[in-house]
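Novice: Model the structure of this input:
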Amino acid sequence: MENVDIPVGGIKLGEHGKESLSALSLGALGVVFGDIGTSPLYAFREALGQAASDGIVASEIFGILSMALWALILIVTCKYVLFLMRADNEGEGGVLALMALAQRSTRKHGALIVILGSVGAALFYGDGIITPALSVLSAVEGLQTIPSLANSISNSEILLITSAIMIGLFGMQMHGTATVAKLFGPVCLIWFIVIGGLGLMHIADEPTILGALSPHHAVLFMLGHGTQGLFVLGAVFLTVTGAEALTADMGHFGAQPIRLGWFFVVFPALALNYLGQGAFALHQLEVAAAAGTPFGNQDWFFLMAPGSARVPLVILATLATIIASQAVITGAFSLTQQAIQLGLLPRLKISQTSHSAAGQIFLPSINILLFIGVMILVFGFRSSSAMASAYGIAVTGTMVVTTCLAFVIVRRNWGWKTPVAIAFIAPFLALDLFFFGANTLRIASGGWVPIVVASGIAVLIFTWIRGRALLTTLDQSQAISLDELAPILAARPPERVSGTAVFLTSDPNAAPSALLHNLKHNKVLHEKNIALTVRTARTPIVDPADRLTVTRLDDNFSRAVLTYGFMESPDVPHDLEVKEPTGKRMAPIQTSFFIGRSTLRPSKHSGMPFWQDLLFIFLYRNASDPTDFFRIPPNRVVELGSQMTI
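Specialist: Here you go, the predicted structure:
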């Protein structure tokens, strides 16, 4: 395998030579499969609980288990592992990477593609606050299954322990995860071995449970349970939450290690564990029937383990859920960086937490918002069973968006005929919509939470996009062509000063507003002047050789364009200093960066609705300073601007 440079928790896989396929697969176990790998903690319990209102019978255990197994086969294996992992954007996956790829492939329906990508990103944040809360809380609740603690540990103590873990988890983000990330893969490998072994142990007691592999049990369950079956189906979907990570993390590990991890470790372990939980529940049902005692839903995952093994199992489960939560938090940071680069969100402060891995970033504002959201959920729902109803709708919504974007890609990028593309995508879309519809029934009992979060993020995204478009229109209406201005200044030059002036502008053809303000108020022109535009490509990474293009206009002016991939962090001074228009290296001490900063005022009579004007102005004012975002030293920056009404 070629040498790779993959940041995982501060580690650069391949940094010191070729990484083996097994090492990459091991790393993927901790980062890619953490979320879906901890679903057995609550998924089967919650699905069975939805069917328990009128008592549980054996056919319901078989039906629910069959639905869970076939969800893993159809959604994760067929859709994600075998299909969507091929629809990558130069090795990168995830909803925004697919959006960028779809934009490259077609000029039609561009607005619709942006809307789909924005909705998918917004739904991810709704999912992002639920995963840590639900997974960690469900693991800590395992303490109540320990015989010596069953009657002594209260729900309030469970919440306090969960809160302490959350405080530690979010508090460590600013320091990076380089030290502990090396343990993610090995810990999760142990986790999958243990949960597979637990399941296998109980399958041996009730081998008839293997009959659940037949899909007819799932069909009969749905036909016989009406509306209740849809509620159960919504809970069954918990088994596949986290499937999006398989594509989102392709750029970190590559498709082959993820596929190997799924087929040889994760899927067998999950299937064995769910079969084991079903066998254990079936056995307990038979025991209760023989004794004439009531049979109720229980915490099947932890009860499968012998009493003496539950303490280490709870510890291992807690570690696995912390790793799953870390993967979601890191994913939120990465998604936000992509959204900023693609113009969906305002610039936010981004800190590097590793000197060796560019992918290790920390966004303080996102970290705080995620922490607040998680804590509200923990103390608002107070149990994993109550919170489980909130899970699912955001994930199913993201899956619908991903499938729609995949249709554009197979039609435009792969060149499939429309009937063929529809015939191939329609079954996946129908499956996604079926699960989405089932999860909408859970809105009243908690599913509204991710919808509210996603709606809030979507409003921010669309307000930012629309506001930026209005600003661009205003700028263009007042713009002067740089090609026209250059000869005028050459003919009647103002006072000249030594050094190089770099004027940042979004339109490379127009004279930068900071240049015009400098001429108007300071009445000087530098010896060398560069109109610099920073662009984001629709590819994740841009070849350094293609990073900078410079066009010389005359002796005074040059036009430069720096291009970055949507997964990259800009470093303007470094990349611009590679060469100046004369072919020499720029002298940093003699270079000044001029940035236009406008003061915005809302208008009730034009542009967006007044409330949206106010929101956009708030986002604009609180956006990260461009000097920080572009890594320009503050002592080399001059800001000039004016007032604008939007």
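
Novice: how about the helices in the stretch 451-600 of the chain?
Specialist: According to DSSP state H, counting those that start in this stretch, the stretch 451-600 of the chain carries its helices in the segments 482-491, 513-517, 572-576.

Novice: out of those helices, deepest packed?
Specialist: Stretch with highest mean neighbour count among the helices of the stretch 451-600 of the chain: helix 513-517 (a mean of 22; mean count of other CB atoms under 10 Å). For every residue, glycine as well, the C-beta is placed using N, CA and C.

Novice: and it, what does it pack onto?
Specialist: Packing partners of helix 513-517 (3 or more CB pairs under 8 Å, 6 or more residues apart in numbering; DSSP states H and E): strand 495-504, strand 591-596, strand 637-640.

Novice: Let's have the helices of the stretch 451-600 of the chain in CSV, adding mean pLDDT and distance to Ile372.
Specialist: Compiled in CSV, the helices of the stretch 451-600 of the chain are given as follows (pLDDT from 0 to 100; distance: least, CB to CB, whole Å):
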stretch, mean pLDDT, distance to Ile372
helix 482-491, 90, 46
helix 513-517, 89, 37
helix 572-576, 88, 33
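
Novice: so which of these comes closest to Thr77?
Specialist: Closest to Thr77 of these, according to CB to CB: helix 572-576, at 42.2 Å.

Novice: Which of the helices of the stretch 451-600 of the chain sits closest to His605?
Specialist: Ranking the helices of the stretch 451-600 of the chain by proximity to His605 (CB to CB) places helix 513-517 first, at 24.1 Å.

Novice: circling back: okay if I get the helices and strands packed on helix 513-517 as TSV plus mean neighbour count?
Specialist: Listed next are the helices and strands packed on helix 513-517 as TSV, based on neighbours: other CB atoms under 10 Å:
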stretch	mean neighbour count
strand 495-504	17
strand 591-596	21
strand 637-640	16
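
Novice: Nearest to Thr472, out of the ones you listed?
Specialist: Here strand 591-596 is closest among those (CB to CB), at 12.6 Å.

Novice: Run me through the strand neighbours of that closest one, direction for each.
Specialist: Applying DSSP bridges, strand 591-596 is found paired with strand 495-504 (parallel), strand 637-640 (parallel).

Novice: give me the element Met608 is part of.
Specialist: Following DSSP states H and E, there is no helix or strand that holds Met608.

Novice: For Ala317, which non-adjacent residue is spatially closest?
Specialist: Among residues not flanking Ala317 along the chain, Ala139 sits closest, at 4.0 Å (CB to CB, 6 or more residues apart in numbering).

Novice: which helices and strands sit right next to the helix or strand hosting that neighbour?
Specialist: Assigned by DSSP H and E, Ala139 falls within helix 110-140. Identification of packing neighbours for helix 110-140 by 3+ CB pairs under 8 Å, 6+ apart yields helix 95-105, helix 155-171, helix 310-341, helix 364-381, helix 384-388, helix 393-408, helix 448-477.

Novice: Enumerate the positions of that helix that are buried.
Specialist: By neighbour count with 16 or more other CB atoms under 10 Å, helix 110-140 contains the buried residues 113-140.

Novice: do the same with stretch 80-96
Specialist: 80-81, 83-85, 87-89, 91-96.

Novice: From those residues, which shows the smallest pLDDT?
Specialist: The member of those with the lowest pLDDT is Gly91, at 78.

Novice: Next up, the contacts around the nearest residue to it once chain neighbours are set aside.
Specialist: In space, and not counting its chain neighbours, Gly91 is closest to Gly251: 5.3 Å by CB to CB, 6+ apart. Residues in contact with Gly251 (CB atoms under 8 Å, 6 or more residues apart in numbering) are 6, 91-93, 97, 540, 567.

Novice: List just the nearest of those residues to Gln360.
Specialist: Nearest to Gln360 among these: Ile6, at 11.3 Å, using CB to CB.

Novice: Nearest to Phe557, out of the strands paired with strand 591-596?
Specialist: Closest to Phe557 of the strands paired with strand 591-596 is strand 495-504 (CB to CB; 9.6 Å).

Novice: got the CA positions of the closest one in PDB?
Specialist: This file holds the C-alpha atoms of strand 495-504, laid out as PDB (Å, rounded to 0.1, in the frame of the first residue of the first chain):
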ATOM      1  CA  GLU A 495       2.400  59.000  -3.900                       C
ATOM      2  CA  ARG A 496       4.500  55.700  -3.900                       C
ATOM      3  CA  VAL A 497       5.700  53.800  -0.900                       C
ATOM      4  CA  SER A 498       8.100  50.800  -0.800                       C
ATOM      5  CA  GLY A 499       7.100  47.300   0.000                       C
ATOM      6  CA  THR A 500       4.300  44.900  -1.200                       C
ATOM      7  CA  ALA A 501       0.600  45.400  -0.500                       C
ATOM      8  CA  VAL A 502      -1.600  42.300  -0.700                       C
ATOM      9  CA  PHE A 503      -5.300  43.200  -1.000                       C
ATOM     10  CA  LEU A 504      -7.700  40.300  -0.200                       C
END
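
Novice: where are the low-confidence patches of the stretch 51-200 of the chain?
Specialist: Applying pLDDT under 70 to the stretch 51-200 of the chain flags residues 150, 177-180.

Novice: picking up where we left off before, which of the helices and strands packed on helix 513-517 sits closest to His605?
Specialist: Of all these, strand 591-596 comes closest under CB to CB, at 25.2 Å.

Novice: got the contact list for that closest one?
Specialist: Applying CB under 8 Å, 6+ apart, the contact partners of strand 591-596 are 499-505, 512-515, 517-518, 526, 572-573, 577, 626-627, 632, 636-641.

Novice: Apply 6 Å and report the result again.
Specialist: Here strand 591-596 makes contact (CB atoms under 6 Å, 6 or more residues apart in numbering) with 500-504, 513-514, 626, 632, 636-639, 641.

Novice: domain parsing for the chain?
Specialist: Domain segmentation of the chain under automatic domain parsing yields 20-465, 478-645.

Novice: Run the chain-centre distance for the first one.
Specialist: What it means is domain 20-465. Using CA atoms, centre = their mean, to the nearest Å, the distance from the centre of domain 20-465 to the centre of the chain it belongs to is 12 Å.

Novice: same thing with the shortest one?
Specialist: In this view, domain 478-645 has its centroid 31 Å away from the chain centroid, taken as CA atoms, centre = their mean.

Novice: Endpoints of it, how far apart?
Specialist: 13 Å (CA to CA, to the nearest Å).

Novice: Surely Val187 and Thr321 touch.
Specialist: No. In this structure, Val187 is not within contact of Thr321 by CB atoms under 6 Å, at 11.0 Å.

Novice: Just want to know which of these two has more residues nearby.
Specialist: The neighbour comparison of Val187 against Thr321 (other CB atoms under 10 Å) goes to Thr321, with 28 against 18.
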